[in-house]
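Novice: the sequence and its predicted three-dimensional model are supplied below.
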Amino acid sequence: MSPQEALERLLRSYTSYYDLCEAPPAPFQAAAEFHSHGESYLLIKSAKLWEMDSNEFVYFSAEDALTAESVSNRIETAWDLAMPQIHPGENHRNSDVTVIFLTDMLPEDAQKLVRRTNRSKGYKHGIQGWSNLRLGAIELSTGRVTVNRHGRDLKKLLSNISSTRVGE
């Protein structure tokens, strides 16, 4: 399966809950956003117990081959693109930035970079929420999935993409 085919398959799973961007920012082939608002009341709406906002900004990179330098550049670009869109406040819970790499070849140093990258940002000492950088990469030629600490939940999704055969 080519990186572009894997991207199309992955985007189908994101269309249910995420808004796909019409024109993704360079150097990404696709981008998506998720926004959620939740609140709880005690019998009537004026007796609000709590409310919270959660956001996620996802960037997809589908390339035949990536290097550690190109992976690093895309991580920095995604973080820089998402930060101005985050507006912490009293109801802000989290705004995560996710970068997913789909490639035929991902060298060991690039995989190591994905695994070891750990970036978080708290707003007002966590009172106004936080942001985490979630990374996931799949080497399509081998089916090897690599994620960082915050991206552990991406592992199953990416494993399903690589195990699904064309035509299924």
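Specialist: Good, I have the coordinates. Residues are numbered from 1 along each chain as shown.
Novice: give the contact list for L106.
Specialist: Taking C-beta atoms under 8 Å, 6 or more residues apart in numbering as the contact definition, L106 lies against 65-66, 71, 137, 139, 144, 146. The C-beta positions use only the backbone N, C-alpha and C, and glycine is treated the same way.
Novice: mind redoing it with 7 Å?
Specialist: 66, 137, 139 (C-beta atoms under 7 Å, 6 or more residues apart in numbering).
Novice: and what of V58?
Specialist: By C-beta under 7 Å, 6+ apart, the residues touching V58 are 18, 31-32, 98, 100.
Novice: redo that, cut-off 6 Å
Specialist: Counting by C-beta atoms under 6 Å, 6 or more residues apart in numbering, V58 touches 32, 98.
Novice: which helix or strand contains it?
Specialist: Per DSSP states H and E, V58 falls inside strand 44-65.
Novice: please apply the same query to S70.
Specialist: Per DSSP H and E: helix 68-82 holds S70.
Novice: and the angle from the next helix or strand after that helix to helix 68-82?
Specialist: Per DSSP H and E, the first helix or strand lying C-terminal to helix 68-82 is strand 92-105. Per axes from the mean of the first three to the mean of the last three C-alpha atoms, to 10 degrees, the angle that strand 92-105 makes with helix 68-82 is 150 degrees.
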